[in-house]
Structure formats: C-alpha cells, structure tokens
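K.L.:
fold the following.
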Amino acid sequence: MRTIYKICSASAWREAERRGAFAGSADDLRDGFIHFSTQAQLAGTAQRHFSGQVGLFLVAVDADALGDSLRWEPSRNDELFPHLYGELDLGAVTAVLELRTRSDGSHDIPELKS
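P.N.:
Numbers count the residues shown, from 1 in each chain. Okay, the predicted model is just below:
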C-alpha cells in the first residue's frame, strides 16, 4: 500500500465525515483536483500552504485504492505530486491525525510509517 496525505481543516474534514466523501478545499475546488503530498513532501506543503493555521488534520490515504482518478503530476520544483480528480471516498482513508501548530506557526508532522 502506498500512502499519500492531505492536510485540511478540522471543520472541512468533519463535513466530509458527515457527507461520506471529501470534495476538497477551496483551493482544490478552484484547481479541479484534490491536492495530496507524499510523506517526503509533507513538511514543505505544511510550511508553504498552512503556516500559522490551527485546527488542522493530516489525513492518510491508501493511494492504491484511488484507481485511475489519482494522477502524479509535476508541481513545486517539478516534483511529482499526487492529485485526485474526483471526490475522496472515505473508504480509502487509513488514518486521521491532528496536526499540531507550534508557537512559531510551523507544524509538528506526526511520526508516520514509511
């Protein structure tokens, strides 16, 4: 199983749990796909897009369960990032972890299994 990660607000994730699927953040909806990161990309994503934000979750997803809707496309520094074209079925979610915000606005990335 390959695991990819989504950082999102707790409120957006609670709404996804209520609906049974995650449609994406405002940025995802604007771009037409749900942005994910690999474990190696997480710290950069948190710093670049979520610095200073509180009340965030880190959602772990089984990439293999997403099928052809998941595409690996060049993004930041021409690295390949996972992008999901469609809603995230919560059945592919393997864990939801709190993303703690430090006093300097950075985040503690939980220890993750490789």
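K.L.:
and the gap between residue 12 and residue 75?
P.N.:
Distance from residue 12 to residue 75, counting by CB to CB, to the nearest Å: 21 Å. (Each C-beta comes from the backbone N, C-alpha and C, glycine too.)
K.L.:
neighbouring strands for the strand of greatest length in the chain, and are they parallel or not?
P.N.:
Scanning the chain for the longest strand, with DSSP state E as the assignment, gives strand 93-101. Paired with strand 93-101 in the same sheet, following DSSP bridges, are strand 56-62 (antiparallel), strand 107-108 (antiparallel).
K.L.:
mean confidence for the first one?
P.N.:
Read that as strand 56-62. Average pLDDT, strand 56-62: 97.
K.L.:
for it, output the C-alpha coordinates as PDB.
P.N.:
What follows is strand 56-62, C-alpha atoms only, in PDB (Å, rounded to 0.1, in the frame of the first residue of the first chain):
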ATOM      1  CA  LEU A  56      -5.800  21.100  11.000                       C
ATOM      2  CA  PHE A  57      -5.900  17.300  10.400                       C
ATOM      3  CA  LEU A  58      -3.500  15.200   8.500                       C
ATOM      4  CA  VAL A  59      -5.400  12.500   6.600                       C
ATOM      5  CA  ALA A  60      -3.600   9.400   5.400                       C
ATOM      6  CA  VAL A  61      -5.000   7.800   2.300                       C
ATOM      7  CA  ASP A  62      -4.300   4.500   0.500                       C
END
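K.L.:
what's that strand in contact with?
P.N.:
1-10, 13, 22, 36, 42, 50, 88, 92-99, 101, 107, 109-110, 112 (CB atoms under 8 Å, 6 or more residues apart in numbering).
K.L.:
for PyMOL, what selects the buried ones among those?
P.N.:
The PyMOL command for the buried members of these (criterion: 16 or more other CB atoms under 10 Å) is given here:
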select buried, resi 3+4+5+6+7+8+9+13+22+36+42+50+88+92+93+96+99+101+107+109
